[in-house]
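Engineer: model this:
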Amino acid sequence: MSPRVFITGATGYVGGQTAVTLIAAHPEYDVVALVRDQEQADKLKSRFPKISTVIGTLDDDAVLKEEAAKADVVLQTASSDHVPAVNSLLAGLASGTGRGRYIHISGTGVLNDMSTGPGNPTSKIYDDVKDIHEIINLPAEALHRNVDDAVITGGMRLNVPTAIVCPPTIYGVGEGPIKKRSMQVPFLTEAILNRGKGFTVGKGENLWDYCHVSDVAKAFVVLTEEALKPNGGTATWGPEGYYFAEAGEFSWKGVSEKVTQIAHESGKLAAADIETLAVEDAIKFHPWAPVLWGGNCRSRASRLRALGWEPEGPSLWEAIPSIVEFEIRALGL
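Structural biologist: Sure thing, here's the model as predicted:
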């Protein structure tokens, strides 16, 4: 029998790219996707004729349990913050063949550090091998931490092997059939264009990592391939199965400067200089401004690289011109 992969989020940004990459690499897999309605099912089927679909949401406990029970691998790419879905999918896997493995999307937002103040850099870099014990013991209030903990503790309790993929800032136009836009850099670009002037949160010297959406998708494919090998291959599963995915590092000041320069050269901004905004002013342009653009999230993807994963997509700096062009068109400027 062909390996059966159940994926949530195939109509989304990361999940759509993951479906594209997975099906291209492994047309022999039996891929089943969760969709909200028949319209989404039809769009997926038109793009992937061999894909199967099931209608439901992350709140449909019975649907998730039933599909997970039949799967060899479950890819949860729909949400990094939905504990009930984690519980349903793990319970389904536990009731199935007993061989199924669970791969969950989280994010390096769990590392978000503003201890030096918004817009200021920190020196701490988290390596997902060397610093794994520190990572799995991050404060309970850290972003995504409660869901990551549900994955780890639930997997241990139910004897379901788990892995957590933590991408940083994701960028690039997705190749999936529906959603193609990421969040952090497009949101910043939109805010700059609407404001009419570039800006940073604080000094903007805070540091994040980046990873192209195609390389994030490759991370899920690599782990799926390992999951289907005897004993889960050489991948790490369970509490230490944390996988960062990064291709480089940047400051938000650098991104703001680049976006502003391109928008100015396109005639959409009057000037190319940027302003420093306090948090209370930045949140006027996006309520998540401090989290999106004000903290530090610094990681190293040693665990994925040990499996042969290497980022190959365009760098963030190469992608910014197309992001700015996309947002200009979307705003009708």
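Engineer: now do the helices in the stretch 101-250 of the chain.
Structural biologist: Assignment of helices within the stretch 101-250 of the chain using DSSP state H, counting those that start in this stretch yields the ranges 132-135, 145-158, 184-195, 213-227.
Engineer: any stretches of the stretch 201-333 of the chain with poor pLDDT?
Structural biologist: Counting by pLDDT under 70, the stretch 201-333 of the chain contains no low-confidence segment.
Engineer: can you tell which of the helices of the stretch 101-250 of the chain is closest to Pro118?
Structural biologist: For Pro118, the closest of these is helix 184-195, at 14.3 Å, according to C-beta to C-beta. Yep, even glycine has a C-beta here, placed from its N, CA and C like the rest.
Engineer: now that closest one - C-alpha only, PDB.
Structural biologist: These are the backbone C-alpha positions of helix 184-195, laid out as PDB (Å, rounded to 0.1, in the frame of the first residue of the first chain):
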ATOM      1  CA  GLN A 184       5.700  39.700   8.600                       C
ATOM      2  CA  VAL A 185       7.400  41.400   5.700                       C
ATOM      3  CA  PRO A 186       4.100  41.900   3.700                       C
ATOM      4  CA  PHE A 187       2.400  43.400   6.700                       C
ATOM      5  CA  LEU A 188       5.400  45.800   7.300                       C
ATOM      6  CA  THR A 189       5.400  46.700   3.600                       C
ATOM      7  CA  GLU A 190       1.700  47.400   3.700                       C
ATOM      8  CA  ALA A 191       2.000  49.500   6.800                       C
ATOM      9  CA  ILE A 192       4.900  51.600   5.200                       C
ATOM     10  CA  LEU A 193       2.900  52.100   2.000                       C
ATOM     11  CA  ASN A 194      -0.300  53.100   4.000                       C
ATOM     12  CA  ARG A 195       1.700  55.400   6.300                       C
END
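Engineer: what helices or strands is that helix leaning on?
Structural biologist: Secondary-structure packing of helix 184-195 (3 or more C-beta pairs under 8 Å, 6 or more residues apart in numbering; DSSP states H and E): strand 169-171, strand 198-201, helix 252-265, helix 289-293, helix 316-330.
Engineer: want to throw those into CSV with distance to Ile55 and mean neighbour count?
Structural biologist: Formatted as CSV, the entries for these read as follows, by distance: least, C-beta to C-beta, whole Å; neighbours: other C-beta atoms under 10 Å:
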stretch, distance to Ile55, mean neighbour count
strand 169-171, 27, 25
strand 198-201, 41, 26
helix 252-265, 39, 21
helix 289-293, 32, 22
helix 316-330, 29, 17
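Engineer: dump those into TSV; add distance to Glu275 as well.
Structural biologist: Compiled in TSV, those are given as follows (distance: least, C-beta to C-beta, whole Å):
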stretch	distance to Glu275
strand 169-171	22
strand 198-201	5
helix 252-265	9
helix 289-293	13
helix 316-330	18
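Engineer: could you pull out the strands for the protein?
Structural biologist: With DSSP state E applied, the chain shows strands at 4-8, 30-35, 52-55, 73-76, 101-105, 126-127, 162-166, 169-171, 198-201, 207-212, 242-244, 248-251, 274-277, 299-300, listed in chain order.
Engineer: which residues touch Arg36?
Structural biologist: By C-beta atoms under 8 Å, 6 or more residues apart in numbering, the contact list for Arg36 reads 11, 55-57.
Engineer: pull out the buried members of the residues you listed.
Structural biologist: Neighbour-count burial (16 or more other C-beta atoms under 10 Å) is assigned, among these, to 11, 56.
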